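*Asks:* turn this into a structure:
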Amino acid sequence: MRLILLPRVLATIGRGERDEVLAHAMETLVACDRPRSGRERLRERLRFWPHRVDVPGLQTELLAGLFPHWAGLTGEQRKVVLGRPTWQLKEALESELRTDPLSVARWLEGHPIEQLAEVAARLMNQEDRDVSRCSARALFRMLVSAFGIEPSPVFGELIPEQERGADVGLSAQAQAGVVQAVREGLSRFGEHHQRDVILAAFLLADTLESPGSAALGLPELLSQDGHPAAAGMRAALRRTHAPFMRSRAWRWMKCEALAAAAIDRVGRGHGAMEHELVLSAGYLVLHPARRSGLGSVKVGLKATAGGPIPTEGGALPSPAELASLSQCSRRWVGEMAEAMQVDRSVRSVLRASMLSDRSAWVRHAYARSGDPVEQADFAFDGDGRVARTACLGRSAAGARRWSRWPMRSSDAERARLAGKLSSSSHAAVRWIARQDAARLSPWLVDQAESRLAAREWLAGDRAGFLGALRERMRGETVRERVDAIRLARLLRLTRGVEPELIELVESDEARVAATAVAALGEAGSESARAGIDRSLRAEDDRVRANAVEAGMRWAQRGEQAGALLDGRMYGAMIEAKCDPHHRVRANALRGLIEHTGVDRAGALLDSAGTDGLREMLEDDRSMHRLAGLWLAERTMSGPGRARAGAGWDWMCRRVAGLARRDEDEAVRTRAVRCARRLLAGMRGDGGVVRPRAAA
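*Replies:* Residues are numbered from 1 along each chain as shown. Take a look at the predicted model:
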């Protein structure tokens, strides 16, 4: 009987008797749940209508009567109500909605039970703004509870500590009900305009492609032109100060419908936590849409003695905030700054921070994203990986054109830096720097990269290159002049610099004069021939030896290749074959052997060359015997065997004797080599016979 009367009493009681009536109501709810005996259950079944009592229905009616008095219930009494089955609470709320929806909305806000999400979604569309607001807040808290989202500084004050119902669980069914309620609230956002529904959507959907976004139907909503939910999401991005919202804005930047608002929010970073959330996902800057959007972000600057720095509350962390960020976040600061197109002065401040960063990984990442000016500083890093990356970033390796000629100031700076890095403590840096130095200097004749640079300059500006080459040939150091002459020979420019070569033949430096006279053999003019003739009478042995070789090349120039020596050159060779220096003798005899003609059998018409070779092989001076072996190896092997004629057997015996018995080890070694080459020529394979391995 009390179960029937109490709902009517609750509707009419005053404040003075409320506590007693509420206590009776709690006792009645509990008493109706006690287990009944078999006799009582049988008696209930035998009752006929209208005498049969619907106990669950009366309990639901009693629960509905308790909601208006919720503020007067004690903590224990509230636990009793919340412990009722969810279906019963739902029916009680449904009945109370018809009379006092505000009380129901407030109760739901304080007790966000996931199974009641459908009720909250329906209340949210009420015209009463208080009812709608409380219901939206209740739905937000239901989603937080259903997905186990814990309060955190990341969410600010959006997620406070809250109580949970006794029968609340994190079942998939409960979660699906909450998601469906939020989805309905988003689709009808134009009717209620409740911000909490948008916040709930952002909690669940971190990106447009996430499963949460698909469950809420956001791709379909945002694809519709002018849907109210899109405007609500843009407003939430701009106006929500919780740190997690900046992270969501960073991830939603590539969504066209929200891009402007997301860019605006990303441009405002309040505190190190917001910068940490964005920069920890800094890899997203590699997406073209985000990178393009960051180009419109304005970075606030603050003037300091060391230069302008990013202000607090801006898109980039200030130096103080940067120091407190994690290694992963600091790693992407350079990429973000580059995408935002910050001023060079700001990058210099960031570079100063990154140069001293404790993590080699962070320094390496900044070195990769920095411009060439910044990379120059990182090339001196103590970590070899960082230094190598920075050095390689400044290198012209792989470029089609390494530099422009005449050299620009930027290339000159690169060359200067390469020279410094050539003595780096890291082997990889030294190797790269030396190659770069060669690429940026056309005068390192021993380096292939340098020779290619010289060819590019010559192809692009022949007059300019020849002028620079002539200046180098008049340089101050011997090495500079010698390398310039060698480069002229390699590029076949001896005719273009012939006056300088003739002048250098008279140089007091024997090395310069010897190199110059060797180059004159390729000039082919009568003035070059005159310079060679003068060098044949020089005091320095090396100059005379090179002059003999140059004379041979001059005689065989152009269309004269293969021609015999003229009388003038023949006389010079006859005179030179008696020179006291072994190189001069060997070169002169080689010219006589190769360029004085042979008979039909291949034997030499003039025996002066072979007679001189015999004399050198029998000479008492070891250097002359060594030069004789060199000459025999080059003129008598292979097809040259016929030149020796009847003297071939004697020469073979002499070479074998030198290989066995000569006192000088260098002569014996050369004789063995010569014997192998002569033997290979006799066997007809033209190769070098290698010694067999010892058994």
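*Asks:* list the buried residues of the one helix or strand L108 maps to.
*Replies:* Element membership of L108, judged by DSSP states H and E, is helix 101-110. Residues of helix 101-110 classed as buried: 101, 103-109 (neighbour count, 16 or more other CB atoms under 10 Å). C-beta here means a position set from N, CA and C on the backbone, and glycine is covered the same way.
*Asks:* for the stretch 401-550 of the chain, which segments count as helices?
*Replies:* When secondary structure is read from DSSP state H, counting those that start in this stretch, the stretch 401-550 of the chain shows helices at 409-421, 427-439, 448-460, 462-473, 478-490, 498-505, 510-520, 526-535, 541-555.
*Asks:* what's the weakest-modelled helix or strand in this structure?
*Replies:* In the chain, no helix or strand scores lower on mean pLDDT, DSSP states H and E than helix 38-46, which sits at a mean of 55.
*Asks:* can you name the next helix or strand after the helix holding L108?
*Replies:* Where DSSP H and E defines the elements, the next helix or strand beyond helix 101-110 is helix 117-123.
*Asks:* pLDDT added to the buried residues of helix 101-110, as TSV?
*Replies:* As requested, the buried residues of helix 101-110 are arranged in TSV below (pLDDT from 0 to 100):
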residue	pLDDT
P101	84
S103	80
V104	79
A105	84
R106	85
W107	79
L108	80
E109	85
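*Asks:* ok, so of the residues you listed, who is nearest M26?
*Replies:* Minimum separation from M26 among the buried residues of helix 101-110 (CB to CB) is found for W107, which lies at 16.6 Å.
*Asks:* how close does the closest one get to L116?
*Replies:* When CB to CB, to the nearest Å is the yardstick, W107 and L116 sit 9 Å from each other.
*Asks:* give me the common contacts of the two.
*Replies:* For the pair W107 and L116, residues contacting each of them under the criterion CB atoms under 8 Å, 6 or more residues apart in numbering are L93.
*Asks:* any low-confidence regions in the stretch 101-250 of the chain?
*Replies:* For the stretch 101-250 of the chain, the stretches flagged by pLDDT under 70 are 161-171.
*Asks:* which residues of it fall in strands?
*Replies:* In the stretch 101-250 of the chain, no strands are defined using DSSP state E, counting those that start in this stretch.
*Asks:* all helices for it, in order.
*Replies:* Counting by DSSP H, counting those that start in this stretch, the stretch 101-250 of the chain forms helices over residues 101-110, 117-123, 129-146, 172-187, 189-192, 195-204, 211-216, 218-223, 228-239, 243-251, given from the N-terminal end onward.
*Asks:* in space, what's closest to M636 - neighbours in sequence excluded?
*Replies:* The shortest distance from M636 to any residue that is not its chain neighbour, by CB to CB, 6 or more residues apart in numbering, is 5.6 Å, and that residue is A644.
*Asks:* so which strand or helix has that neighbour?
*Replies:* helix 641-644.
*Asks:* and the next element down the chain from that helix?
*Replies:* The first helix or strand that comes after helix 641-644 along the chain, using DSSP H and E, is helix 648-661.
*Asks:* and that next one, what does it pack against?
*Replies:* With contacts defined as 3 or more CB pairs under 8 Å, 6 or more residues apart in numbering; DSSP states H and E, the secondary structure elements packing on helix 648-661 are helix 608-617, helix 622-635, helix 665-683.
*Asks:* tell me which of those helices sits nearest to C134.
*Replies:* With respect to C134, and counting by CB to CB, the nearest of these is helix 665-683 at 103.6 Å.
*Asks:* burial of A367, as a residue count?
*Replies:* Residues lying near A367 (other CB atoms under 10 Å) number 28.
*Asks:* can you give me the pLDDT of it?
*Replies:* Per-residue confidence (pLDDT) for A367: 85.
*Asks:* buried stuff in the helix or strand hosting it?
*Replies:* Secondary structure assigned from DSSP H and E places A367 in helix 360-369. Neighbour-count burial for helix 360-369, counted by 16+ other CB under 10 Å, picks out 362-369.
*Asks:* so where's the stretch 301-450 of the chain uncertain?
*Replies:* Residues of the stretch 301-450 of the chain that meet the criterion pLDDT under 70 lie in 398-404.
*Asks:* do a quick rundown of the strands in it.
*Replies:* In the stretch 301-450 of the chain, strands defined by DSSP E, counting those that start in this stretch lie at 301-302, 309-310, listed in chain order.
*Asks:* will you turn those into TSV that also has distance to Q180 and mean neighbour count?
*Replies:* Output for the strands of the stretch 301-450 of the chain, formatted as TSV (distance: least, CB to CB, whole Å; neighbours: other CB atoms under 10 Å):
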stretch	distance to Q180	mean neighbour count
strand 301-302	48	14
strand 309-310	44	24
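*Asks:* which of the ones you listed sits closest to E480?
*Replies:* strand 309-310 (47.9 Å).
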